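A.B. asks: next comes the sequence, and after it the predicted model I'd like to discuss.
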Amino acid sequence: MNDLEERLRAALDARARTFEAGPHAWTRVMERRPRRHPARWLLAALPAALVAAFVPVLLNGGLGRNTATDPTGIYQQLMKERTPLGKEVTVDNPSEGRPLRIWFAKAKLGHPEVCYAVEQATAEPYGACVNAVDWLHADAWFVGSTLRDGAATAMDWGLARQDVGAVAGVTKGGQEFPGTVRSLDGAPYRLWTVTYPAQEAMSMIRIADVKGKSLGQWSRDGMAPPTGQPISAPMELPQGVSVRPYRSKEGPELIWSRHGAQVGQHVLTAAGPVVGTTMQEGLIIGSARKDVARIELSFDGGSTASIGTRPDPWNLGVTLFAAANPSDDPAEGYRIAAYDASGKEVWRHDEPAKRRPDEADQVVGEVMTVPGTEGSGRPVRVWFSQRSGEERAFCYAGGSGPGNWGVSGCSISYLQGSYPIPFQQATTYLPDPGADTYFGPALEDWESVDAVLYDGRRVRASFLRGTGTPDPVWHVSVPLGTQVGGFIVKVKGKPDKQVPNYEKGCARQAARSETAPQTLPVGITALLVPGCAAFWENGEVAPALPGPLPGGRLSDLLDAERPVRWVSGKTAWYGYAPAGTAKVEIRMKGGATGTAEAVPDSWGQNVTLFAAPAPKGGDETVALTGYDAGGKQLWRYAVPGPRAMATVTPAPRS
């Protein structure tokens, strides 16, 4: 697992905030990870007419609602409901020979955005504001590119943390192109740019801090251009969108790009639909039957759009369109109608508004608003639900970040009453200075929940109980950006339960550490950083494990109920166990076994560390057993089955 995958893991954990009991949790989380809902497809009544997919990229959100035809007009249109953050910068756009304007802004819901206005050599300018919240815990990341067909030179650009001093672009062949990193007064992040020959395919950026120390790399995969065989040259459309046909097994595939990144794709079949449309926040793209000259959309909120189509230049028998999306609510209903050149209506479709998750039939008791989030513009709502024949779930939705979509999902693991103890985090930016709110379901015997800050202070959570709800809900808010190391749950008649909050950028913290890691067998190295035990597998960042709460030790996270913490990487399994453990045996489903020698940690955390090659022929752990140096069994841990694991499902709407 590389640093991108590790950080994506952190991002998904940050969304789900629900911890599993097994080392294969990453695979299961990836299989069921919550999906954002920025795109909707409108298809005609022909069921197999179109295979449609939307590929989300870093450019999601706020893609510009301007109708202006000059950069100043674009700026004014974009900033109607935004507040400037810092100064604007103008950089050279080598692909167009025109300036590219970039600036930061505070969005309507208070979260930071980065905005840009692009002047094109042969088309109208366009602009956008995109989310600037670093939900992937990266040091530097991509935002856009000027790369386009026919350009000799291109420029990739993005954002970086304030202590990043250098960024270099790297091609697939390993060639490097130095970049420029600059600060914008008053802006939350620094801006980086890398210029390179357009024929050289960029694959990633390498990142260093202001002292020149390497901070690792970041992949360009989220903005990678299509890799298939193009049928012909691309067609340029309004809003900086280009569409190009590619060959596929199913038929011609239309791939849409904007600002250097893929934003959607259609596969056309012989029996095409009347209209196939992708709606994103700020952008509408799609294709229609060849006799469709115009489509009209009207949304429940009162906004409308009239979009003219253009015949495809490749004789595929479709018309194409791209336009600004006037709606900023991905859940509101709308109506769409298609007209031919004479103005005759040839097709109509009504799409009802998506129900809010708390409007579903399975809600049990009152839908509650977490106190303190009422004035945020998108309050955090929590509720319980239960479908017939299924376990009761704790559900949540709200907040304004990351990506202006907040958090949403459902969890059933709390019903076990022990490990794991799920919690969620929602960020709100209004009122200033904003807050991070942590919350989760509680059981009747819970006496208190304390958030433990990195400086050792504790903040006591409050309990919320709605009318008819089966269980209480705990919640605690801290000022935006305050680092929370974890939580201590006091249960009546039982030892306190420590719940670490370790997924907050472990790889980033480890990259900045000056401490030498501890070497373990089979190419595993380990390093303890605040709140997290970081690992590397043959030099690559590997899945992390929780670190101690501030003021505590790793041994505090182990008890009779959970005597070991471990995870499986690419080729090895590793973790930590109670002091005195000299050997750890693992047994997999199907009978595969493995043994790891354990050594005392070098950090004074009262644990032993272990690592060994992954057993062959097994992919699900059944049990782990620890022995002392004399072969005496010290502990045994039977991995809970799937029903005892955390189950996370996306709510219908965030």
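C.D. replies: Cool, got the structure.
A.B. asks: and Q362, how far is that from Q424?
C.D. replies: According to Cβ to Cβ, to the nearest Å, Q362 and Q424 sit 19 Å apart. C-beta coordinates here come from the backbone N, C-alpha and C atoms, glycine included.
A.B. asks: who's more crowded, those two?
C.D. replies: For the pair Q362 and Q424, the greater number of neighbours falls to Q424 (27 against 16), based on other Cβ atoms under 10 Å.
A.B. asks: pull the contacting residues for P563.
C.D. replies: By Cβ atoms under 8 Å, 6 or more residues apart in numbering, the contact list for P563 reads 577-578, 626, 635-637.
A.B. asks: ok, now with 6 Å
C.D. replies: 635, 637 (Cβ atoms under 6 Å, 6 or more residues apart in numbering).
A.B. asks: what about it, distance to E597?
C.D. replies: For P563, the distance to E597 - Cβ to Cβ - is 18 Å.
A.B. asks: chain neighbours aside, what residue packs nearest to E447?
C.D. replies: Nearest non-adjacent residue to E447, counting by Cβ to Cβ, 6 or more residues apart in numbering: K490, 4.6 Å away.
A.B. asks: give me the neighbour count for the one you found.
C.D. replies: 14.
A.B. asks: CA atoms of the helix or strand where it lies as PDB?
C.D. replies: Taking DSSP states H and E as the criterion, K490 maps to strand 484-491. Extracted in PDB, the C-alpha atoms of strand 484-491 (Å, rounded to 0.1, in the frame of the first residue of the first chain):
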ATOM      1  CA  VAL A 484      -8.400  15.400  19.300                       C
ATOM      2  CA  GLY A 485      -6.300  12.400  20.200                       C
ATOM      3  CA  GLY A 486      -9.200  10.200  21.200                       C
ATOM      4  CA  PHE A 487     -12.000   9.600  23.600                       C
ATOM      5  CA  ILE A 488     -12.400   8.000  27.100                       C
ATOM      6  CA  VAL A 489     -15.700   6.300  27.700                       C
ATOM      7  CA  LYS A 490     -16.700   5.600  31.300                       C
ATOM      8  CA  VAL A 491     -19.000   2.700  31.600                       C
END
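A.B. asks: quick one: strands adjacent to it?
C.D. replies: strand 446-453 (antiparallel), strand 497-500 (antiparallel) (DSSP bridges).
A.B. asks: chain center to the longest one, what's the gap?
C.D. replies: Spelled out, it's strand 446-453. Relative to its parent chain, strand 446-453 has a centroid offset of 27 Å by Cα atoms, centre = their mean, to the nearest Å.
A.B. asks: which other helices and strands contact the longest strand anywhere in the chain?
C.D. replies: In the chain, assigned by DSSP state E, the strand with the most residues is strand 83-93. Applying 3 or more Cβ pairs under 6 Å, 6 or more residues apart in numbering; DSSP states H and E, one finds that strand 83-93 contacts strand 98-106.
A.B. asks: hmm, who's touching the strand it packs on?
C.D. replies: Applying Cβ under 6 Å, 6+ apart, the set of residues contacting strand 98-106 is 71, 82-86, 88-91, 93, 113-119, 187.
A.B. asks: now that strand against strand 83-93, angle please.
C.D. replies: 160 degrees (axes from the mean of the first three to the mean of the last three Cα atoms, to 10 degrees).
A.B. asks: buried residues, strand 98-106. List them.
C.D. replies: 100-106 (16 or more other Cβ atoms under 10 Å).
A.B. asks: also stretch 502-520?
C.D. replies: 502-511, 517-518, 520.
A.B. asks: can you list the residues you listed in CSV and add secondary structure, distance to A612 and pLDDT?
C.D. replies: As requested, the buried residues of stretch 502-520 are exported to CSV (DSSP: H, G, I helix; E, B strand; the rest coil; distance: Cβ to Cβ, whole Å; pLDDT from 0 to 100):
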residue, secondary structure, distance to A612, pLDDT
Y502, coil, 23, 79
E503, coil, 25, 69
K504, coil, 28, 66
G505, coil, 28, 77
C506, helix, 22, 85
A507, helix, 23, 80
R508, helix, 28, 82
Q509, helix, 26, 85
A510, helix, 22, 88
A511, helix, 26, 87
P517, coil, 18, 94
Q518, strand, 16, 97
L520, coil, 9, 97
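A.B. asks: tell me which two of those sit farthest apart.
C.D. replies: K504 and L520 (24.0 Å; Cβ to Cβ).
A.B. asks: pick the one among the buried residues of stretch 502-520 closest to R587.
C.D. replies: The closest of the buried residues of stretch 502-520, once distances to R587 are taken by Cβ to Cβ, is L520, at 21.0 Å.
A.B. asks: coming back round to it: who touches the residue nearest to E447 in this structure?
C.D. replies: By Cβ under 6 Å, 6+ apart, the contact list for K490 reads 447-448, 496.
A.B. asks: buried subset of the residues you listed, written for PyMOL?
C.D. replies: The PyMOL selection below is limited to those of the contacts of K490 classed as buried (16+ other Cβ under 10 Å):
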select buried, resi 448
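A.B. asks: how distant is stretch 350-370 from the center of its chain?
C.D. replies: The answer for stretch 350-370 is 24 Å, by Cα atoms, centre = their mean.
A.B. asks: may I have the distance across stretch 126-142, first residue to last?
C.D. replies: 19 Å (Cα to Cα, to the nearest Å).
A.B. asks: and stretch 271-280, by the same measure?
C.D. replies: Taking Cα to Cα as the measure, stretch 271-280 stretches 25 Å from start to finish.
A.B. asks: A426 against T437, yeah?
C.D. replies: Yes: A426 sits in contact with T437 when judged by Cβ atoms under 6 Å, with a separation of 5.0 Å.
A.B. asks: neighbour count: the two, which is higher?
C.D. replies: Using other Cβ under 10 Å as the criterion, A426 and T437 rank with A426 on top: 29 against 23.
A.B. asks: what distance do you get for the more buried one to S477?
C.D. replies: For A426, the distance to S477 equals 9 Å [Cβ to Cβ].
A.B. asks: intersection of neighbour lists for those two?
C.D. replies: Taking Cβ under 6 Å, 6+ apart as the contact rule, A426 and S477 both touch T437.
A.B. asks: return the member of the buried residues of stretch 502-520 nearest to G212.
C.D. replies: Checking those against G212 by Cβ to Cβ gives A511 as the nearest, at 13.2 Å.
A.B. asks: and the pLDDT for the residue lying closest to that closest one once chain neighbours are set aside?
C.D. replies: Nearest residue to A511, sequence neighbours excluded (Cβ to Cβ, 6+ apart): L215, at 4.7 Å. With respect to pLDDT, L215 scores 91.
A.B. asks: quick one: pLDDT of the residue nearest to E447?
C.D. replies: K490 is given a pLDDT of 94.
A.B. asks: list the contacts of stretch 495-513.
C.D. replies: With Cβ under 6 Å, 6+ apart as the criterion, stretch 495-513 contacts 3, 6-7, 10, 13, 137, 139, 215-216, 421, 484, 486-490, 527, 529, 531-532, 534, 541, 544, 546-547, 549, 556-557.
A.B. asks: mark which of the residues you listed are buried, thanks.
C.D. replies: So, by 16+ other Cβ under 10 Å, the buried ones in those are 3, 6-7, 10, 13, 137, 139, 215-216, 421, 484, 486-489, 527, 529, 531-532, 534, 541, 544, 546-547, 549, 556-557.
A.B. asks: which is the next helix or strand following the helix or strand bottoming out on mean pLDDT in the chain?
C.D. replies: In the chain, no helix or strand scores lower on mean pLDDT, DSSP states H and E than strand 50-53, which sits at a mean of 27. Note on strand 50-53: by DSSP H and E, the next helix or strand toward the C-terminus is helix 71-78.
A.B. asks: leaving aside the residues next to it on the chain, what's closest to G110?
C.D. replies: Y429 (2.8 Å).
A.B. asks: residue contacts, the one you found?
C.D. replies: 110-111, 400.
A.B. asks: from G399, how far out is it?
C.D. replies: Counting by Cβ to Cβ - Y429 and G399 are separated by 9 Å.
A.B. asks: out of everything not next to it in sequence, what's closest to S257?
C.D. replies: Nearest one to S257, counting by Cβ to Cβ, 6+ apart, is S242 at 5.2 Å.
A.B. asks: ok, which stretches of this structure are helices?
C.D. replies: In the chain, the segments counted as helices under DSSP state H are 3-16, 25-32, 71-78, 506-512.
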